[in-house]
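Undergrad: when you get a sec, could you give me coordinates for this:
(chains A, B and C)
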Amino acid sequence: MDISWDLLLNAIVAGLLLGGFYAAVTAGISISFGMLDIVNIAHPAFVILGSYIAYYVNINLGIDPILVSIIVLPAFYALGALVYQVYYMSFERRGQESLRGLAFFFGLLFVTEVSLILVFGVDYRYVEAAYIGPSLHLAGLELPLRMLVPCLVALATFGALELFVTRTFLGRAIMAVSQDQLALQLMAADPIRIKRIAFGISIALASIAGALLIIIQPVEPSVGRDYIGRVFAICVLGGLGSLPGALIAAFLLGVVESLTSTFYGPSWAPAVSFGFLLLTLAFRPAGLMGR
Amino acid sequence: MTALLHVDNISKRFGGFVALDGIEIEVAPGERLGLIGPNGSGKSTLVNCICGTLQNETGTVRFEGQALDGLAAHQRTRRGLARSFQLPRPFHSVTLADNLRIPLLYTVRAREGMLHAHSDLEARCHELLDTVGLLPKAGRMPRDLTQVEMRKLELARAMAAEPKLLIADESMAGLSHSEIDDILALLVRLNERGVTIILIEHIMSAVMSFSQRLAVLVSGRKIADGPPKDVVRDPEVVRAYLGQ
Amino acid sequence: MNTATFSIITAAVGLAVMALFHWLSVDYAYFAGYTILQFIVLATAWNILGGYCGYVNFGTAAFFAIGAYSSVFWYKFHPLPIPLLIVLGAVVSGIVGLGTGYLTLRLRGAFFSIATLAMAVVFQTLVVNWDFVGGSRGAYIIHPENFELAGLKVHYIEYLFALMLLLAVIALATARTIERSRLGYGFATIRDDELAAEACGVPTLRLKLIATTLSGAFMGMAGAPFPYYIGYLQPQSAFALDYAVNSIAMPMIGGTTTWVGPLVGSILLGSAQQYATVTISSAVNLLIVGLMLVAFVIIAPNGLIGLVKESLRARRRS
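TA: Coordinates of the predicted model:
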């Protein structure tokens, strides 16, 4: 087969940019699932919610979507804390998180999606910003700014998160709570409060991811479902609880998806991530860098 | 006489933490072995490796001369290994009697390949509950039990599997003196019927009166193994555990 | 009451309902009734794995669609009688259930659930790209106006209703038999404490695979007649999200520990949705289902049946 090297290279670069963005979406799950062991399958719904909020403010007030997401960060954090509190009181405390907890998050996912359909309808929505449209031309490669900017923001967010988790007391407490709750209690830190803060952070991250998403592609309520498999695939492939692992896995997934899309057609892309997930679970459940 | 159970150089790590380091123990058929050691010394990890709940990294566990490598926990139970859990793990959604029915249905019946009448099983469950003094609560749910009663249920459930080797993991914690004597008498009766027993306990009086042989585990290593009177006088044992 | 008696009584009740519909001569009753019976099968199937064993399957739509598309495949290849299609749908779905289980059930329950979510999308992608069964454009199934049933000419919707009624009876009878059997005890221990179950001699992996296979097979069975019911099958309708949420909401609202729960949940929720779709809108109707699921899971974790049992127990003690 005569592969056009130009096409291949551009596909790989597009994949890397996409992967950076995927890392941002996965960051929240890395915390809630990777560290707190909470299977929050509703995470993509919060991301889509972030997208729609960014869209609404952007269309009506003209504010840059990324800026919007940062402004609403506290609200998302509070929402996350509230959701965790309900989750803890109803399920974690009673030890029923497997069946009921999953059903709870599924219900949240569903309710969010349907509510968005009722409010905004099923038409695709998109935002307007200066960097949507133009591309950077660098050494024969085409770097659309609408992909480059989100990728850079995503990497910055991810970097900040990694610093937070490794350098601050709170961050290290969050890592500790995933490994040994008893030890944490002996250190006079309240594990429940730590988890609530962590979960709040994970949902706040969803807000940023949502803004980035709607910059990259137009959004409609069911788009979240495509991301469920992607984020969990990345999280598992990278190794639960490992942020660097998730980053590598995100880039890997982005590139494979981009290549599949370019050479076999975009309709096959969703199957890629899920295929990754199933293979990882079947052959190396600990992931690339799992603990 | 060949050992009933031969733990041959078992090691187990959790990440960087070495839980078991080259453990070597033999248990003769019909023997009463006591296993003691400080908290965190690896006693429960050892039980988990013997019974298949955890996989040991090196070494082999041999039961009746056959290696148990690769066998799932339920297969080991069917071969005659039974254990109670240190922190009781009852089946919450069924009654006490039904908790005992499970090993009867899945271990005893699997072994004998026969179908017992419903009433036979019912009678056997009640009989077992009676031996631990829980018969009046046969129709109740585990959440209605006290901690002590849950430990008794845990022991009864292990006994229900009609094992050749029973590992009792801290079944007596929190019991009164007379209750301890009752459980000890129960275990001795079981032993007289031919069941080999490993008793893991912190209550030294019980361990001393029950055990024919005593092994001591400290930080994942076996530091003593012999007649109880000798072991408790061993200076290393005194330093590591008894002196505390 | 043994299984045979139960089946006969249930079938008799169903036939009585059918006779009523026939006498009323309202076609809509058959269409609505078919949907509710379909949900009874799906909810009961889901509950065998979810309620009895504690493993949540989010991919009901995938198994359902496998049954539906298996029928489309045979229709294009060489049309077969619907009862045979049901069996074939069950076999294919059962095998897929077994496969998914084998890949993921040795890990934690959460991974199984995520894998089922993944599976639903993978299958939808496969179907959308498979032109033989219509791909994203969909497939038309042309059914005869009347079917032959025991020598009688029966209108097609009555025939489909009767088939789905039979499937519902089989599903309920199977669930009930399992509940009272050794298998049922085994499932309950898996739900309660898998580690302790293994220590008691329960072969947990084998039982979980049985549950996944059975559950998948029943869902495929429910899907097999669907193309004939709907006439034009698109991936959006086969893989619709409301199958996933309903097959979870109905048992959880009805009660997950017995066969009665999914039945009660399906009838109540199914009828309410039929009413809501007609009077309000289908989106609002789904929203209500979702909210009820969340509410029940938080407030009444054992469902309506659980609430009934609690009040009986309280009354017995006082």
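
Undergrad: my guess is residue C:202 contacts residue C:187, does it?
TA: No: taking contacts as CB atoms under 8 Å, residue C:202 lies outside contact range of residue C:187: 9.4 Å. Any C-beta I mention is one placed from the backbone N, CA and C, and that applies to glycine too.

Undergrad: can you give me the strands in the stretch 201-318 of chain C?
TA: For the stretch 201-318 of chain C, the strands defined by DSSP state E, counting those that start in this stretch cover C:232-233.

Undergrad: repeat for chain A
TA: With DSSP state E as the criterion, chain A has strands at A:135-138, A:141-144.

Undergrad: turn those strands into TSV, including mean pLDDT, mean neighbour count and distance to chain B.
TA: Below are the strands of chain A laid out as TSV (pLDDT from 0 to 100; neighbours: other CB atoms under 10 Å in any protein chain shown; distance: least, CB to the nearest CB, whole Å):
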stretch	mean pLDDT	mean neighbour count	distance to chain B
strand A:135-138	78	11	44
strand A:141-144	78	16	41
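
Undergrad: columns distance to chain C on top of those, output as a markdown table?
TA: Below are these laid out as a markdown table (distance: least, CB to the nearest CB, whole Å):
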| stretch | distance to chain C |
| --- | --- |
| strand A:135-138 | 29 |
| strand A:141-144 | 25 |
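
Undergrad: these: which one's closest to residue C:176?
TA: strand A:141-144 (59.0 Å; CB to CB).

Undergrad: helices or strands next to the closest one in the packing?
TA: Contacts defined by 3 or more CB pairs under 8 Å, 6 or more residues apart in numbering or on different chains; DSSP states H and E place strand A:141-144 against helix A:5-29, strand A:135-138.

Undergrad: can you redo those as TSV with distance to residue C:44?
TA: Formatted as TSV, the helices and strands packed on strand A:141-144 follow (distance: least, CB to CB, whole Å):
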stretch	distance to residue C:44
helix A:5-29	33
strand A:135-138	55
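
Undergrad: which one of the residues in chain B is closest to chain C?
TA: residue B:107 (3.2 Å; CB to the nearest CB).

Undergrad: which residues sit in contact with the closest residue to that residue other than its chain neighbours?
TA: Among residues not flanking residue B:107 along the chain, residue C:201 sits closest, at 3.2 Å (CB to CB, 6 or more residues apart in numbering or on different chains). Shown in contact with residue C:201 (CB atoms under 8 Å, 6 or more residues apart in numbering or on different chains): B:74, B:77, B:78, B:102, B:103, B:106, B:107, B:110, B:161.

Undergrad: now for these, which pair is the farthest apart?
TA: Most distant of the contacts of residue C:201, by CB to CB, are B:78 and B:102, 13.0 Å apart.

Undergrad: who has more neighbours out of these two?
TA: The neighbour comparison of residue B:78 against residue B:102 (other CB atoms under 10 Å in any protein chain shown) goes to residue B:102, with 27 against 19.

Undergrad: show me which positions of stretch A:236-246 end up buried.
TA: Neighbour-count burial for stretch A:236-246, counted by 16 or more other CB atoms under 10 Å in any protein chain shown, picks out A:236, A:237, A:238, A:239, A:240, A:241, A:242, A:243, A:245, A:246.

Undergrad: quick check: the last one touching residue A:27?
TA: Yes: using CB under 8 Å, residue A:246 and residue A:27 qualify as a contacting pair, with a distance of 7.4 Å.

Undergrad: the stretch 51-200 of chain C: helices as residue ranges?
TA: Counting by DSSP state H, counting those that start in this stretch, the stretch 51-200 of chain C has helices at residues C:60-77, C:82-104, C:109-128, C:156-179, C:182-192, C:194-199.

Undergrad: got the CA coordinates for the longest one in CSV?
TA: Right, the one you point to is helix C:156-179. Only the C-alpha atoms of helix C:156-179 are listed here, as CSV (Å, rounded to 0.1, in the frame of the first residue of the first chain):
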residue,chain,number,x,y,z
TYR,C,156,-49.1,-10.6,13.1
ILE,C,157,-49.2,-8.5,16.3
GLU,C,158,-51.2,-11.1,18.1
TYR,C,159,-48.7,-13.7,17.1
LEU,C,160,-45.7,-11.6,18.3
PHE,C,161,-47.6,-10.8,21.5
ALA,C,162,-48.1,-14.5,22.1
LEU,C,163,-44.5,-15.3,21.5
MET,C,164,-43.3,-12.6,23.8
LEU,C,165,-45.8,-13.8,26.4
LEU,C,166,-44.2,-17.3,26.1
LEU,C,167,-40.8,-15.8,26.6
ALA,C,168,-41.9,-13.8,29.6
VAL,C,169,-43.3,-17.0,31.2
ILE,C,170,-40.1,-18.9,30.5
ALA,C,171,-38.0,-16.0,31.9
LEU,C,172,-40.0,-15.7,35.1
ALA,C,173,-40.2,-19.5,35.6
THR,C,174,-36.4,-19.7,35.1
ALA,C,175,-35.7,-16.9,37.5
ARG,C,176,-38.0,-18.4,40.1
THR,C,177,-36.5,-21.8,39.8
ILE,C,178,-33.0,-20.5,40.1
GLU,C,179,-33.9,-18.5,43.2
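
Undergrad: right, is that helix up against chain B?
TA: No: using CB under 8 Å from any CB of the partner chain, we find that helix C:156-179 stays clear of chain B, coming within 11.9 Å at best.

Undergrad: residues contacting stretch B:183-196, please?
TA: Stretch B:183-196 has contacts (CB under 8 Å, 6+ apart) with B:4-5, B:27-33, B:131-132, B:152, B:155, B:159, B:163-166, B:168, B:171-172, B:175, B:197, B:199, B:206, B:209-210.

Undergrad: ok so, going back, mean pLDDT lowest for which of the helices of the stretch 51-200 of chain C?
TA: The minimum mean pLDDT among the helices of the stretch 51-200 of chain C belongs to helix C:109-128 (a mean of 80).

Undergrad: low-confidence ranges, chain B, go.
TA: Low-confidence segments of chain B, defined by pLDDT under 70: B:1, B:113-119, B:243-244.

Undergrad: for it, give the residue positioned nearest to chain A.
TA: Nearest to chain A, among the residues of chain B, is residue B:15, at 6.8 Å (CB to the nearest CB).

Undergrad: backbone dihedrals for residue B:165, please?
TA: Residue B:165 adopts backbone torsions of phi -130, psi 120, taken as degrees, to the nearest 10.

Undergrad: neighbours around residue A:233, how many?
TA: Quick note: residue A:233 (other CB under 10 Å) scores 28 neighbours.

Undergrad: mind checking how far the residue nearest to it when sequence neighbours are not counted is from residue A:238?
TA: Spatial nearest neighbour of residue A:233, chain neighbours left out: residue A:277 (3.7 Å); criterion: CB to CB, 6+ apart. Distance, residue A:277 to residue A:238, by CB to CB, to the nearest Å: 12 Å.

Undergrad: ditto for residue B:87
TA: For residue B:87 relative to residue A:238 (CB to CB), the value is 33 Å.

Undergrad: so who does the residue nearest to residue A:233 touch?
TA: Counted by CB under 8 Å, 6+ apart, residue A:277 has contacts A:229, A:232, A:233, A:236, A:237, C:114, C:115, C:118.

Undergrad: can you tell me which residues contact residue B:162?
TA: With the criterion set at CB under 8 Å, 6+ apart, residue B:162 makes contact with B:107, B:108, B:111.

Undergrad: typed the wrong thing, it's residue C:114
TA: Contacts of residue C:114 (CB under 8 Å, 6+ apart): A:39, A:41, A:228, A:229, A:232, A:236, A:277.
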